[in-house]
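*Asks:* My questions are about this predicted structure, shown below with the sequence.
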Amino acid sequence: MDGKNNDKVKETMRLADDGDYMAQTKLAGLYLEGKGVCQDDLLAFHWALKAAESGYVVAQALVGLMYFRGVGAALNYPKAMEWFIKAADQGHCSSQFNIGLMYFMGLGVLKNHKMAAYWYRKSAGSGFTPAILNLGVMYNYGKGVKMSYEEARECFLMAAEFDDPMAEFNLGVMSLLGQGGPVDYEEAREWFRRSARHGNMDALLNLKFLESEP
């Protein structure tokens, strides 16, 4: 590490020691990645928690993730939920998504698909693509919401605007099966092509099958 970067790290450490929550969060990231310091998950958690306790939303979300994944602290779903809720209450869309995921899977809470849909919807309202996609899946199968192919299609179309390969794949399947609209093989091919271009191997296989049909 050159002297200039070393000075920046030292300044970040000084600010963190003085209680600057943004510097504390930055230092947590440096320890997580081992940039300019020796990689240390425990110290990363230490500094993230300090910043989170100051109410900094980015740090709250990070602490939630670290508890959720067992990085720098023992895996603890109830603690993860606690910090995700703090961040979600400040409008943090990925924390809202994570709460939805935990309710959907029953991690640290009783499985509750209605609550999952509620939190996915809040996150989707901020344009968070994974939440839009998952909400579409819930409409597609009627989990936590009334089944609606039309609503599912709307969600998948929104996610596809961000080149989400699973949304594009799902739109291909819906076009193929006539869900939320008429059966349209050409439209299905186009969605599978887009999904395949974005790395979805299932879409590539479906496309090969369709193109082999007369």
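*Replies:* On my side now, so go ahead.
*Asks:* Quick check, pLDDT for Ala116.
*Replies:* The per-residue pLDDT reported for Ala116 equals 98.
*Asks:* which residue packs closest to Ala167, ignoring adjacent ones?
*Replies:* Once flanking residues are discounted, Ala167 sits nearest to Ala159: 3.5 Å by CB to CB, 6 or more residues apart in numbering. No exception for glycine: its C-beta is placed from N, CA and C like everyone else's.
*Asks:* can you pull the contacts of Glu161?
*Replies:* Applying CB atoms under 8 Å, 6 or more residues apart in numbering to Glu161 gives no contacts.
*Asks:* from memory the residue nearest to Ala167 sits against Leu133, does it?
*Replies:* Yes: using CB atoms under 8 Å, Ala159 makes contact with Leu133 at a distance of 4.6 Å.
*Asks:* Out of these two, name the residue with the larger neighbour count.
*Replies:* A count of neighbours by other CB atoms under 10 Å puts Ala159 above the other of Ala159 and Leu133, at 27 against 23.
*Asks:* Just list the residues touching the more buried one, thanks.
*Replies:* Ala159 makes contacts with 129, 132-133, 136, 166-167, as judged by CB under 8 Å, 6+ apart.
*Asks:* want to throw those residues into TSV with pLDDT?
*Replies:* Output for the contacts of Ala159, formatted as TSV (pLDDT from 0 to 100):
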residue	pLDDT
Thr129	97
Ile132	98
Leu133	98
Gly136	98
Met166	97
Ala167	98
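*Asks:* Keep only those of the residues you listed that are in helices.
*Replies:* 129, 132-133, 136, 166-167 (DSSP state H).
*Asks:* so which of the residues you listed would you say is closest to Leu107?
*Replies:* Nearest to Leu107 among those is Leu133, at 18.9 Å by CB to CB.
*Asks:* who touches the closest one in this structure?
*Replies:* 155-156, 159, 164, 166-167.
*Asks:* isn't Leu210 right next to Glu186, touching?
*Replies:* No: if you go by CB under 8 Å, Leu210 and Glu186 don't touch, sitting 9.4 Å apart.
*Asks:* Between these two, point out the one with more neighbours.
*Replies:* With neighbours defined as other CB under 10 Å, Leu210 and Glu186 compare such that Leu210 has more, 16 against 8.
*Asks:* how far does the biggest helix by length in the chain sit from the chain's center?
*Replies:* What stands out as the longest helix in the chain, according to DSSP H, is helix 3-17. Chain-centre distance of helix 3-17: 31 Å, with CA atoms, centre = their mean, to the nearest Å.
*Asks:* Thanks a lot, see you next time.
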